[in-house]
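Asker: any chance you can model this:
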Amino acid sequence: MIRLTYIGWARMLRASRNCSGDQRGVALLRTKEAVDDLLTTTELAKMTGLAVITLIHWRGEKCGPAYVKLGRAVRYEREAVAQFFSEHRSAA
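Answerer: Residues are numbered from 1 along each chain as shown. This is a model prediction of the structure:
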């Protein structure tokens, strides 16, 4: 689990504002891409067909896909979700 607090998130955004010219655009683009790459618990549940409560239990038991905490908000990276499900694929 990667935990990025509000202060850490704010610092990252502030750092992108301190860039000049082209660097600023690239930094903001990276931040936007990172945010767009995150799924909420509800979005992940709809995408996978799992119940939201299942994902909540998995987080509590530390056995589900890796997630990011932004303050109290929980987000899942698409890449981490894909990796989790590929590791738990059964040979049929």
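Asker: low-confidence ranges, the protein, go.
Answerer: Scanning the chain for pLDDT under 70 picks out 1-36, 92.
Asker: what ranges do the strands span in this structure?
Answerer: For the chain, the strands defined by DSSP state E occupy 2-4, 38-39, 67-70, 73-77.
Asker: okay, those in JSON lines with mean neighbour count next?
Answerer: Bear in mind the C-beta positions are built from the backbone N, C-alpha and C, glycine included. As requested, the strands of the chain are exported to JSON lines (neighbours: other Cβ atoms under 10 Å):
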{"stretch": "strand 2-4", "mean neighbour count": "12"}
{"stretch": "strand 38-39", "mean neighbour count": "20"}
{"stretch": "strand 67-70", "mean neighbour count": "17"}
{"stretch": "strand 73-77", "mean neighbour count": "18"}
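Asker: hmm, G64 is touching F84, no?
Answerer: Yes: at 6.9 Å, G64 counts as touching F84 under the criterion of Cβ atoms under 8 Å.
Asker: more neighbours: the two, which one.
Answerer: More crowded of G64 and F84, by other Cβ atoms under 10 Å: G64, with 20 against 15.
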